[in-house]
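Visitor: Here is the input, now give the coordinates:
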Amino acid sequence: MSIPNIITLGRLMAVPLAVYLIVIGELGWAFWTFVAAGVSDAIDGFIARAFRAQTYLGGYLDPLADKALLVSVYVALGHSGHLPVWLVIMVVFRDALIIGGVLLIYTLKESLAMQPSLSSKVNTGAQILLAGLVMSAQGLELLGIPFDAAQPVRGMIWVVAATTAWSGLGYVIQGSRVMSRLGSTK
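Guide: Numbers count the residues shown, from 1 in each chain. Sure thing, here's the model as predicted:
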């Protein structure tokens, strides 16, 4: 197994730890686990590209680890009352809708090149920023750095809601086009 894939597996294994830390109220340590996962994502990507160590497995494992971490952190933050439940439902539903659409298209024997859209990249960045902000005050407090994230969190909730809707709608439109094309050829 390649070094980038081992790093990615480590990130995937950090998911239960991050969730556990959030649920028991240790947001400071959850924040640093989340940061370490983000750094590991950058490192494994750099190593894979720089040393031509990209693998077929890594092409699936890396986004799986990223989604598992982000969705799990959102569910845990929602469960613990740190994020509004309606936002967590939006985020999880969008990802479930995308996965369901991909599985449906795959079941219909259609080849599908998975490339994240610009709206999806913006949405993922906003989601990461919001999750980090929610946990940042306690995380930075561990270093003795006071930070009040309440105001930025309130604003980012609406940014994440808007980008989630924008991205989800884009994938629905894209999936509808593929399904329409499939319907006309069969």
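
Visitor: Assign a three-state SS to residue 115, would you?
Guide: Here residue 115 takes the coil state, with states given by DSSP: H, G, I helix; E, B strand; the rest coil.

Visitor: Looking at it now. What's its pLDDT?
Guide: As predicted, residue 115 sits at a pLDDT of 79.

Visitor: give me the number of residues near it?
Guide: Residues contacting residue 115 under the criterion other C-beta atoms under 10 Å number 6. The C-beta positions use only the backbone N, C-alpha and C, and glycine is treated the same way.

Visitor: packing partners for the top helix by length along the chain?
Guide: Counting by DSSP state H, the longest helix found in the chain is helix 150-185. Contact analysis of helix 150-185 by 3 or more C-beta pairs under 8 Å, 6 or more residues apart in numbering; DSSP states H and E lists helix 85-107, helix 118-141 as its packing neighbours.

Visitor: worst average pLDDT in those?
Guide: Across the helices and strands packed on helix 150-185, the lowest-scoring stretch is helix 85-107, with a mean of 93.

Visitor: and the direction of that helix versus that of helix 118-141, what angle?
Guide: Helix 85-107 runs at 140 degrees relative to helix 118-141, counting by axes from the mean of the first three to the mean of the last three C-alpha atoms, to 10 degrees.

Visitor: Now do the buried residues in helix 85-107.
Guide: For helix 85-107, burial by neighbour count (16 or more other C-beta atoms under 10 Å) applies to 87, 88, 90, 91, 92, 94, 95, 98, 101, 102, 105.

Visitor: Also stretch 3-23?
Guide: 4, 5, 7, 8, 11, 12, 14, 15, 18, 19, 21, 22.
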